[in-house]
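Novice: The sequence isn't on hand, but the structure is:
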Ligand SMILES: Nc1ncnc2c1ncn2[C@@H]1O[C@H](COP(=O)(O)OP(=O)(O)OP(=O)(O)O)[C@@H](O)[C@H]1O
Ligand SMILES: [Mg+2]
């Protein structure tokens, strides 16, 4: 009975209800968009790294997100030692990988170069890797100044097979192929033979990471532990551990983005409180009648709180729609800039938005509800 | 049949910034069941104040209101709400109805509070509306009804939980005399069913329609009259 009465009250003043709900919708929508950014990155990571990736990734020292862009520091001799001793640990292959970021002010002029040994099959590293133009890197490319560029890199810079790409002032690479991968990570990278990249940046005996393939991938955690004892200077991470480090990075930025959205949410909550309080004042006489015919104070408390919650939930529903549209727009822009769909509306994000709106409704309804419950009947009845 | 409503030494003092207003003093009276008792007097004489105290809408500064064995004036807020719900019915001068609910929902409302099931609620509400010639108005919102119709819906609602006592504060104040007579007839009928009916009015034409008249002036009970012409 309370809910239907609350709904009827909201419907009686459609314009006011609509405007307040719109305020909430914008607040919830912007929160959804902000938080969707992290969700999109999570999906990319999970697909690319969880999809294939190495069984164990080796870093020099402990692994964190800054390692992705740091200067290559891992001495290559470890690769040789691991390969020589591999059989003992169940390691079947050691692949050195070099990452070299050439920054720019806009994401469009930044490149991530990846040096890979020519013997490696890129399909083992990237999920759904596919050469869409020209050829991939091969055995014969060991020292050649050639590159396979990601689809996005090619598109953004309007380059293709046969063009040259400047690595630094002294070194240029010839593009021999264009490729892409399922999750989009390759789309944004430039693949170069390891030797060529080392020579070009003048770092010959160091790489960024080693990728280990195991005879029994299921035992990765156990092997990583044994290896950590044997090679105390190195960090060994299983796929889950890598994902966990990335997840931690995303979570920090989640908190920051939630903090920004909190401002919009607080403004929305104040709007709800104001609307509901106003309607409590307007209906003082009606509330007096309701109490006179036998409703307890609790009834009015519940009624006003229900109106507030209902208003917030209606707003949240529109907010999720606004968020969905915003995410499409964000991804269109992100796709152009960095080639990754960074934003995603996941089920848990949708539920989170509804939960936030529910909480907003309760919090902003408390004060007006307490007001309504305390109105003295005789005074309320003397109002016209 | 129903228990008697009784006021003992009732007193109500309002504290204002400008000082104290004694709105009602030393009011004692036992209201007869099965009769309509009118409370009359000039504006500001304390009629509404008295009604509010009797009905448990306000608490007295001194004195007591009793319904049978229960002392209304010392009950808790919740107990008074329960008492109003089950044993009292109300009709006020205007804006009596819940604006967002139609006539049927308004009449059914107190039954909902009392926990009556929805089918039974609807049936009883329709029956009450029918009794006051409002069956065709059941789905109208209050602002679509005439003043007289609204007051009849209020009377129907007041009877929803089969109360012992019916309180009406100027129920005809905003009505023309014809509509007013219909409402008073409805109250009279409620009295013949054995209920105690207490009617606040300053409409002197109603004197001939009631069983007793209490005259108030300046918060004091001046006298009790039994109009000679009443013939029931
Ligand atoms: N809440 C209040 N605070 C202060 N004074 C009040 C309050 N309510 C009523 N009074 C005063 O108490 C006195 C009696 O008021 P009451 O409303 O009972 O009169 P009434 O007989 O119902 O008048 P009317 O015929 O105009 O409705 C008046 O002097 C009024 O000003
Ligand atoms: Mg009055």
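Specialist: Arrived safely. Since we're looking at a predicted model, the values are computed, not measured. Ligands and ions are numbered 1, 2, ... in the order given.
Novice: what kind of secondary structure is the residue nearest the centre of chain B in?
Specialist: Chain B has residue B:167 as the residue nearest its centroid, 1.3 Å off, counting by Cα atoms, centre = their mean. Under DSSP: H, G, I helix; E, B strand; the rest coil, the three-state class of residue B:167 is strand.
Novice: what's near enough to touch it?
Specialist: By Cβ atoms under 8 Å, 6 or more residues apart in numbering or on different chains, residue B:167 lies in contact with B:51, B:54-55, B:88-91, B:198. Placement of C-beta: from N, CA and C, glycine included.
Novice: Show me what it bridges to in the sheet.
Specialist: residue B:90, residue B:198 (DSSP bridges).
Novice: Can you tell me how far it is from residue B:73?
Specialist: 15 Å (Cβ to Cβ, to the nearest Å).
Novice: could you dump the contacts of residue B:167 to TSV with neighbour count?
Specialist: Below are the contacts of residue B:167 laid out as TSV (neighbours: other Cβ atoms under 10 Å in any protein chain shown):
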residue	neighbour count
B:51	23
B:54	27
B:55	25
B:88	28
B:89	29
B:90	26
B:91	26
B:198	25
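Novice: Return the member of those nearest to chain A.
Specialist: Within the contacts of residue B:167, proximity to chain A (Cβ to the nearest Cβ) peaks at residue B:90, which comes in at 5.1 Å.
Novice: Settle this for me: the closest one is touching residue B:52, isn't it.
Specialist: No: taking Cβ atoms under 8 Å as the definition, residue B:90 is not a contact partner of residue B:52, at 10.5 Å.
Novice: would you list every one of the strands in chain B?
Specialist: Along chain B, counting by DSSP state E, strands occupy B:5-16, B:19-31, B:36-40, B:62-67, B:70-71, B:88-91, B:165-169, B:196-200, B:212-217, B:220-225.
Novice: Please apply the same query to chain A.
Specialist: Using DSSP E, the strands of chain A run over A:56-60, A:74-75, A:91-102, A:111-116, A:130-134, A:146-150, A:164-168, A:171-180, A:189-193, A:206-207, A:209-214, A:234-238.
Novice: Pairing partners for the second one, with directions?
Specialist: Spelled out, that is strand A:74-75. strand A:206-207 (antiparallel).
Novice: and the helix ranked longest in chain A with chain B, contact?
Specialist: For chain A, the helix that runs over the most residues, judged by DSSP state H, is helix A:239-282. No: judged by Cβ under 8 Å from any Cβ of the partner chain, helix A:239-282 makes no contact with chain B; its nearest approach is 10.0 Å.
Novice: Specify the angle between that helix and strand A:56-60 in degrees.
Specialist: 90 degrees (axes from the mean of the first three to the mean of the last three Cα atoms, to 10 degrees).
Novice: Distance check, the nearest residue to residue B:34 once chain neighbours are set aside against ligand 1.
Specialist: Nearest non-adjacent residue to residue B:34, counting by Cβ to Cβ, 6 or more residues apart in numbering or on different chains: residue B:194, 5.0 Å away. Using Cβ to the nearest ligand atom, to the nearest Å, one gets 27 Å for the distance from residue B:194 to ligand 1.
Novice: Need the phi and psi values for residue B:194.
Specialist: Note on residue B:194: its backbone torsions stand at phi 100, psi 0 [degrees, to the nearest 10].
Novice: now, of the strands of chain A, which is deepest in the fold?
Specialist: Counting by mean count of other Cβ atoms under 10 Å in any protein chain shown, strand A:146-150 has the highest mean neighbour count of the strands of chain A, with a mean of 27.
Novice: could you check the angle strand A:130-134 makes with that strand?
Specialist: Using the same axes, to 10 degrees: strand A:146-150 against strand A:130-134 is 120 degrees.
Novice: on contacts alone, who are the packing partners of the helix ranked longest in chain B?
Specialist: Looking across chain B with DSSP H, the single longest helix is helix B:177-192. In this structure, helix B:177-192 packs against strand B:36-40, strand B:88-91, helix B:147-158, strand B:165-169, strand B:196-200, with contacts taken as 3 or more Cβ pairs under 8 Å, 6 or more residues apart in numbering or on different chains; DSSP states H and E.
Novice: Next, the angle from the longest helix of chain A to strand A:234-238.
Specialist: 60 degrees.
Novice: and helix A:239-282, what does it pack onto?
Specialist: Checking 3+ Cβ pairs under 8 Å, 6+ apart, helix A:239-282 ends up next to helix A:14-45, helix A:220-230, helix A:297-337, helix A:347-374.
Novice: Residue in chain B with the shortest distance to chain A?
Specialist: For chain B, Cβ to the nearest Cβ, closest residue to chain A: residue B:85, 2.5 Å.
Novice: pLDDT score assigned to the closest residue to that residue other than its chain neighbours?
Specialist: Nearest non-adjacent residue to residue B:85, counting by Cβ to Cβ, 6+ apart: residue A:294, 2.5 Å away. Listed pLDDT for residue A:294 reads 95.
Novice: thinking residue A:294 is in contact with residue B:87, fair?
Specialist: No: using Cβ under 8 Å as the test, residue A:294 is too far from residue B:87 to be in contact (9.3 Å).
Novice: of these two, who's got more company?
Specialist: Comparing residue A:294 with residue B:87 by neighbour count (other Cβ atoms under 10 Å in any protein chain shown), the higher total belongs to residue A:294, at 25 against 21.
Novice: for the more buried one, what are its contacts?
Specialist: By Cβ under 8 Å, 6+ apart, the contact list for residue A:294 reads B:81-82, B:84-86, B:88, B:110, B:113-114, B:161.
Novice: do the same with residue A:336
Specialist: residue A:156.
Novice: cool, residue A:353 as well?
Specialist: The neighbours of residue A:353, taking Cβ under 8 Å, 6+ apart as the test, are A:28, A:31-32, A:316, A:319-320, A:323.
Novice: cool, residue A:231 as well?
Specialist: Residue A:231 touches A:78, A:81-82, counting by Cβ under 8 Å, 6+ apart.
Novice: now swap in residue B:143 and tell me
Specialist: residue B:99 are the contacts of residue B:143 under Cβ under 8 Å, 6+ apart.
Novice: Could you rerun that using 10 Å?
Specialist: Going by Cβ atoms under 10 Å, 6 or more residues apart in numbering or on different chains, residue B:143 touches B:97, B:99, B:150.
Novice: Tell me the spacing between the residue nearest to residue B:135 when sequence neighbours are not counted and residue B:157.
Specialist: Using Cβ to Cβ, 6+ apart and skipping residues adjacent in sequence, the residue nearest residue B:135 is residue B:129, 5.6 Å away. Per Cβ to Cβ, residue B:129 is found 10 Å from residue B:157.
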